[in-house]
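**Student:** Only the shape, not the letters, is given here:
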């Protein structure tokens, strides 16, 4: 992905968003809207959708201070993947029928794979929060 000029632009934009919670919150809203418009039915995409939603919750929890991501670079990478996914004009524009989302899915899968350990820890933390609130 280092050679993907569009992801590099998204990464730079994500870096500039650091410390701007309102802008990142707006990005998360746009992410939710785009997720709802994508056909996630092909094999393997449902898991990817769940991981993207998990990443969105992780970003939000980090913003609100309820959870701290261990690596700022990893957090910026997740935000960059969200920007890349939302932006309709990237390596393969989304309007290209049949393949327009292929590059988006590839970037998402790559970044989510790099963030797998953090996402697993966050998911475990989320489950603990639900358990704690139920036991109260």
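**Tutor:** Yep, that arrived. The structure displayed is predicted, hence computed values, not measured ones.

**Student:** What's the local residue count around residue 29?
**Tutor:** A count of nearby residues for residue 29, using other C-beta atoms under 10 Å, gives 11. Just so you know, the C-beta spots here come from the backbone N, C-alpha and C atoms, and that holds for glycine as well.

**Student:** which of the residues in the helix or strand containing it are buried?
**Tutor:** Under the criterion of DSSP states H and E, residue 29 resides in helix 21-37. Within helix 21-37, the residues scored as buried using 16 or more other C-beta atoms under 10 Å are 24, 27-28, 31, 34-35.

**Student:** From these, pick the one nearest residue 129.
**Tutor:** residue 28 (18.6 Å; C-beta to C-beta).

**Student:** Quick check, the closest one in contact with residue 62.
**Tutor:** No. The pair residue 28 and residue 62 fails to qualify as a contact (C-beta atoms under 8 Å) at a distance of 11.0 Å.

**Student:** Contact partners for residue 10?
**Tutor:** Applying C-beta atoms under 8 Å, 6 or more residues apart in numbering, we find residue 10 in contact with 80-81, 83-84, 87, 90.

**Student:** which among the residues you listed gets closest to residue 47?
**Tutor:** residue 81 (15.5 Å).

**Student:** So what's the residue count around the closest one?
**Tutor:** Around residue 81 sit 27 other residues, with neighbours defined as other C-beta under 10 Å.

**Student:** The residue nearest to it when sequence neighbours are not counted is in what secondary structure piece?
**Tutor:** Nearest non-adjacent residue to residue 81, counting by C-beta to C-beta, 6 or more residues apart in numbering: residue 111, 3.9 Å away. Element membership of residue 111, judged by DSSP H and E, is helix 102-114.

**Student:** From the contact counts, what lies against that helix?
**Tutor:** Packing partners of helix 102-114 (3 or more C-beta pairs under 8 Å, 6 or more residues apart in numbering; DSSP states H and E): helix 45-64, helix 72-86.

**Student:** Alright, I will stop here.
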